[in-house]
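Q: Make a model of this:
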Amino acid sequence: MNGDTGDFLLVDKPIDWTSFDVVAKIRNTYSAAGLRRKVGHCGTLDPRATGLLILATGRKTKQISGLEALDKVYEGSIKLGAMTESHDTESPEYGACDVRHLGTDKIQSAAAALEGRCMQKPPMHSAVWHKGKRLYELARKGQDVPERKAREICVNSFTVLSVDLPFVYFRMDVSKGAYIRVLAHDFGQILGVGGYLASLRRVAIGDFSISDAKSVSETVEIILRGTKDSVR
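A: Numbering: from 1, shown residues only. All right, here's what the predicted structure looks like:
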């Protein structure tokens, strides 16, 4: 740990934790150790996603905006032949259909069609603010906001790793602000069968890699051990 100058902590976010849950856990760990330390994260991960979350502490929090702007790499799976309102596993499936007619060439072509720059609307099940409320709060009440503002994103690459229908396993390199859930939905629309994000793991943010990340419990232990060492 680096004292008053702060640190960057690479954490492997577990499934069903929000990014804020991880921030709160680490902030509370510092408090329990008798330290007041600012803690923030550099790029939200949805609760159903796992993988690399960069936390900034102390003075390093001033660098959060720069890290948020970095490209990100994800690996995951898309289930074809069904859709969900949230475009992932947070809500029930609907619109089930047969996908046995889909060939690998058609699936590869659909992935290639999504590469490049495009305008993307944030999904209703997202943490984007609208008139003082999060979009997901409105979505859970059955409300829709058609006028939510689209943003330009770039899909640098969309690589199909393997196909085991109805699942397609992929690796995707994208710009800041890209919602993989929306791309999964669009992928299913291009193929004419629907689709949603079945699993997602962030494996890189710029030059930061998941291979260097620690679990939440390991990060807590490192903080507490570092605090004990500093007072000896």
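Q: how distant is the helix or strand where residue 159 lies from the center of its chain?
A: Assessed by DSSP states H and E, residue 159 sits inside strand 151-164. Relative to its chain's centre, strand 151-164 lies at 14 Å (CA atoms, centre = their mean, to the nearest Å).
Q: Which strands or helices does that strand pack on?
A: helix 104-113, strand 116-120, strand 167-174 (3 or more CB pairs under 8 Å, 6 or more residues apart in numbering; DSSP states H and E). For the C-beta atoms, the positions are set from N, CA and C on the backbone; glycine is no exception.
Q: helix/strand/coil for the residue nearest in space to the middle of the chain?
A: Nearest to the geometric centre of the chain sits residue 45, at 3.3 Å (CA atoms, centre = their mean). Put simply, residue 45 is coil when judged by DSSP: H, G, I helix; E, B strand; the rest coil.
Q: that older thread, most tightly packed of the helices and strands packed on strand 151-164?
A: Of the helices and strands packed on strand 151-164, the one with the most neighbours on average (mean count of other CB atoms under 10 Å) is strand 167-174, at a mean of 20.
Q: Could you point out the helix or strand that follows the helix-or-strand element of the chain with minimal mean pLDDT?
A: Least confident element among the helices and strands of the chain, by mean pLDDT, DSSP states H and E: strand 129-130 (a mean of 71). Counting by DSSP H and E, the element after strand 129-130 in chain order, helix or strand, is strand 133-134.
Q: Many thanks, we can stop here.
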